[in-house]
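> sequence and predicted structure, then a few things I'm wondering about:
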Amino acid sequence: MRKLKYIVCTIVGLFLFQGCGVYSFSGISISPETKTFQVNFFQNQSPRIFPGADQTFTNQLQDLILNQTNLSLTTSGGDIVYEGEIVQDYVSPNTATSDITAAQNRLTIAVNMRFYDANDPSQDIEQRFSFFFDYPADRSENAIRDEALQIIFERITQDIFNATLARW
């Protein structure tokens, strides 16, 4: 009886151990053949051009993938490739006061992204991602621009990561 108990415990333990090997805490779903990634420059094609926004976005996307995967960054011939452009950048009034003036403005940025997977072309996608930053109307856009870009780009890059590698 005791021997049977050990056998059953061993089998259950093996199944549990085997099941844990497949799970990934980050939820990343990358084929084992994928070793490198490439992020092409995301050019700013929005009507409003703010110097450096395109480079900032490209760098943030590269950094996010480097920090959350074990993939190596390459400048050409990557197993997976990200490319696209910043297509929209505008400010609109978000809330109004009783004087019919803006109490709060919203900066919205949209990025069109294309993703190519050389090892699994069925995963290729093209999608538009956008996010916004609300700020008081009495502050100028130039005063909040750095903070806004940081927050907006952080959200958009995470959404891109989730759509392409985490498959959420």
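Cool, the structure landed.
> all strands for the protein, in order.
Assigned by DSSP state E, the strands in the chain fall at 36-39, 43-44, 72-73, 80-96, 102-117, 125-136.
> winner for burial among those?
Among those, strand 36-39 has the highest mean neighbour count (mean count of other C-beta atoms under 10 Å), at a mean of 21. In this view, the C-beta of every residue, glycine as well, is placed from N, C-alpha and C.
> ok, now which ones touch residue 135?
104-107, 141, 144, 148 (C-beta atoms under 8 Å, 6 or more residues apart in numbering).
> my error: substitute residue 56 in the last question.
Taking C-beta under 8 Å, 6+ apart, we find residue 56 in contact with 149, 153.
> quick check: end-to-end length of stretch 111-126?
With C-alpha to C-alpha, to the nearest Å as the measure, the ends of stretch 111-126 fall 11 Å from one another.
> ok, and what's touching it?
With C-beta under 8 Å, 6+ apart as the test, stretch 111-126 has contacts from 31, 33-34, 42, 57, 78-87, 127-130, 156, 160, 163-164, 167.
> for the contacts of residue 135, which one is nearest residue 65?
Nearest to residue 65 among the contacts of residue 135 is residue 148, at 22.7 Å by C-beta to C-beta.
> let me know the pLDDT of that closest one.
Looking at residue 148, its pLDDT is 95.
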